[in-house]
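Novice: how does the following fold in three dimensions:
(chains A, B, C and D)
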Protein chains: 2
Amino acid sequence: MDAITIKDIARALNLSTSTVSRALRDSYEINAETKRQVVEYAERLHYRPNPIAVSLKENRSRVIGVVVPQIANLFFSQVINGIEAVAYNRGYHVSIFQSHESYERELATVQQVVSRKADGLLISLSSNTTDVSYLRQLQEKKLPIVLFDRASKDLDVPSVTADNFAGAFAATEHLIQSGRRRIAHVAIPAGISIAQERLAGYRFALEKYGIPYDEKLVRHAGFGPNEVEPIVDDLLNQMPDAFFAASDRLALGCLATLKKRKISIPSQIALIGFTNIAVADLLDPPMSTVEQPALEIGQVAAGRLIDLIEGKQKTASSEPVKIATRLVIRTSTQAGL
Amino acid sequence: MDAITIKDIARALNLSTSTVSRALRDSYEINAETKRQVVEYAERLHYRPNPIAVSLKENRSRVIGVVVPQIANLFFSQVINGIEAVAYNRGYHVSIFQSHESYERELATVQQVVSRKADGLLISLSSNTTDVSYLRQLQEKKLPIVLFDRASKDLDVPSVTADNFAGAFAATEHLIQSGRRRIAHVAIPAGISIAQERLAGYRFALEKYGIPYDEKLVRHAGFGPNEVEPIVDDLLNQMPDAFFAASDRLALGCLATLKKRKISIPSQIALIGFTNIAVADLLDPPMSTVEQPALEIGQVAAGRLIDLIEGKQKTASSEPVKIATRLVIRTSTQAGL
DNA sequence: GCAACTTCCGGGAACGTTCCCGGTAACGAT
DNA sequence: ATCGTTACCGGGAACGTTCCCGGAAGTTGC
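Specialist: Take a look at the predicted model:
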């Protein structure tokens, strides 16, 4: 497209492109009157620097790359909203990509982000990413990286997550305090960092209340379309009196399966989900949930990344940030019904 | 980062950069043996062309820009999934942006997309975009553009939408056939193209069944956080026996408000939503819905755009594509309860 | 042998912007 | 008047890649 370039401005004002550039970049080596003419003319013609040319010259783009496993997951889209709010305010554009829970896709996507000179990367790892060496290499090449939600012990970069341990602890504790003792845990894939944290919180609550951990009450579900129902069926054989489901999809899958089996919630089996679904209170029955602070995770992660990019706080920021979850008690875990 | 460039290859093989470029681009003006050496060496060093440099030289990027009003709207995230499936298979990267239902943000975003030399633009207009002249200008400058979901009569570009008229007609007809006569319509903002189509389908069904259109039963809701409840309250004063809500958010807002008012659904008032919410059948009561073919909309739109980009079908493709919706009848519109 | 054509290659320019450094003019100090 | 310093500007190079065109070498036809 025939956008205005500094060559046009230089030609029109009988200056060199160097002078025009200096004027527009607020350099000290430019006469005030010359600068005024250049700036005025550029504004009049709606000149805008070509970000491609700037990227090629400067090796930066003022773009933040964001890679999430799935966009059609409300939690991630809310995180993105938090990221955008902070980035936009600090003069960065956000370019969003999804890995579709695939390591290969994640790798290709991150390479795209890097080759387009993104200033930094915010990423939530896909479920089958076990090898983060490609990210380690990028980090060694000084690319600012912040992980969110799903972190990795093999990567020494800042991370921002919900306090999954405390959230799972609170959910399990609530079930216990409402009288449940055989609490089934439908977990996300074991390879995902937060799966272990949520499992640990679950186990810690059991232990605190003297309930023996029974591994037959724990199942890890994959991301297949119809994986939850057989898992719930299998768990039902263990005579649980409650389900603690570790994600949106799992919580809804448990609810659907229990209703399908004509199991009365909460009188026969209680259900609580680690989930951000907006309609928890419109479900039948209204579902108790541990809500994740998605927006805040996004805001903090973006803030951290931009600090990294702009060279502030290069140290003391590797400490993982864990933001508290919120327990919302509704009908699905009511006691004594 | 210190990626390999064709200068490195040229230096290593004692060739010029022109020769290396020709070898890598499959030019006819390259000796087979020279080409083999270059290609082999490039592969061995994992050389990848710098997309920034290519963009600057060629004015293209193999990236499709996608602008949606809100990512945290399941419909749009599903459309994006459809777009990505097609684009990825045809060798394009998809860069996703959101306008947050703001014209200003949309304008700034599209300008970003263009200045980064996206090969084409897929866009769903924000609710307060009334002036599409900026898109018309881009079209005149030959930027391939396809609208999806929200189109504009002021723009002569291909568009892909659900068949909103037929879907709204079907919903209203269903309500009428289940005995409802005072059907309130909670609509999306009037400025959005699909609002008029859905309203037209609603009115056509009333007309077909000899029910007079009552404008006091129609309200357009904005995107404020608590706009639905007062609108439903106001409509309740008109003694409706059914609600037809024109979007996810409106359907859920109507449901929440009706439940809050202890109104029995469907025995006192029926409710149907033009919505893709995945949990319609887990709600209380399970909600009847008109489902939009989000994935297919994305697929078709992306296919059209890439055809435009690659110079195929420059004509005969301005005809708007309307993809059928699906009526799913559940408890919330049951008759005679 | 000479002219025309083909193959192959390299140098240079382009894309738009930023930075470096040298040249010129003006000013102040000696 | 001379020297040193400062302000200002323009030319050239860089970034990585592609394309154009001219030059060199080889081959074929007359």
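Novice: ok, now which ones touch the residue of the stretch 201-337 of chain A found nearest chain B?
Specialist: Residue nearest to chain B within the stretch 201-337 of chain A (CB to the nearest CB): A:D284, separated by 3.1 Å. Every C-beta, even on glycine, is put in place using the N, C-alpha and C of the backbone. A:D284 is in contact with A:259, B:282-286, counting by CB atoms under 8 Å, 6 or more residues apart in numbering or on different chains.
Novice: next: A:N81.
Specialist: A:294-295, A:298, B:71-72.
Novice: from these, which has minimum pLDDT?
Specialist: Least confident entry in those, by pLDDT: B:A72, with 90.
Novice: can you give me the neighbour number for that one?
Specialist: Using other CB atoms under 10 Å in any protein chain shown, B:A72 has 21 other residues around it.
Novice: I figured it hits A:S77, correct?
Specialist: Yes - using CB atoms under 8 Å, B:A72 is in contact with A:S77, at 3.9 Å.
Novice: what parts of the stretch 51-200 of chain A come near chain B?
Specialist: By CB under 8 Å from any CB of the partner chain, the residues of the stretch 51-200 of chain A that approach chain B are A:51-53, A:55-56, A:59, A:71-72, A:74, A:77-78, A:80-81, A:84, A:93-98, A:100, A:111-112, A:114-117, A:138, A:141-143.
Novice: in whichever strand or helix holds A:Q137, what counts as buried?
Specialist: Element membership for A:Q137, per DSSP states H and E: helix A:133-140. In terms of neighbour count (16 or more other CB atoms under 10 Å in any protein chain shown), helix A:133-140 has its buried residues at A:135-136, A:138-139.
Novice: how about those in JSON lines, adding distance to B:D214 and pLDDT?
Specialist: What follows is the buried residues of helix A:133-140, written out as JSON lines (distance: CB to CB, whole Å; pLDDT from 0 to 100):
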{"residue": "A:L135", "distance to B:D214": "60", "pLDDT": "94"}
{"residue": "A:R136", "distance to B:D214": "66", "pLDDT": "93"}
{"residue": "A:L138", "distance to B:D214": "62", "pLDDT": "92"}
{"residue": "A:Q139", "distance to B:D214": "64", "pLDDT": "90"}
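Novice: so what's the closest residue to DNA strand D within the stretch 151-300 of chain A up against?
Specialist: In the stretch 151-300 of chain A, the residue that lies nearest DNA strand D is A:V157 (24.8 Å; CB to the nearest atom of the strand). Counting by CB under 8 Å, 6+ apart, A:V157 makes contact with A:135, A:139, A:145-147, A:318.
Novice: in CSV, list those residues along with distance to A:E229.
Specialist: Output for the contacts of A:V157, formatted as CSV (distance: CB to CB, whole Å):
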residue, distance to A:E229
A:L135, 35
A:Q139, 41
A:I145, 38
A:V146, 36
A:L147, 32
A:S318, 41
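Novice: farthest-separated two in these?
Specialist: The largest distance within the contacts of A:V157, taken as CB to CB, falls between A:L135 and A:S318 and amounts to 14.2 Å.
Novice: where does A:K7 sit: helix, strand or coil?
Specialist: Secondary structure state of A:K7, per DSSP: H, G, I helix; E, B strand; the rest coil, is helix.
Novice: so it touches A:S16, yeah?
Specialist: No - using CB under 8 Å, A:K7 is not in contact with A:S16; the gap is 9.9 Å.
Novice: around A:R326, how many other residues sit close by?
Specialist: Neighbourhood size, A:R326 [other CB under 10 Å]: 12.
Novice: likewise A:V54?
Specialist: That count, for A:V54 with other CB under 10 Å as the rule, works out to 16.
Novice: could you name the helices and strands sitting against the helix or strand containing it?
Specialist: According to DSSP H and E, A:V54 maps onto helix A:51-58. Helices and strands touching helix A:51-58, by 3 or more CB pairs under 8 Å, 6 or more residues apart in numbering or on different chains; DSSP states H and E, are helix B:51-58, helix B:103-115.
Novice: most packed of these?
Specialist: Sort the helices and strands packed on helix A:51-58 by mean neighbour count, taking mean count of other CB atoms under 10 Å in any protein chain shown, and helix B:103-115 sits at the top with a mean of 19.
Novice: would you tell me which residues of the stretch 201-337 of chain A are close to chain B?
Specialist: Residues of the stretch 201-337 of chain A found near chain B (CB under 8 Å from any CB) are A:252, A:255-256, A:259, A:277-279, A:281-286.
Novice: mind running it again at 6 Å?
Specialist: The stretch 201-337 of chain A comes close to chain B at residues A:252, A:255-256, A:279, A:282-284, as judged by CB under 6 Å from any CB of the partner chain.
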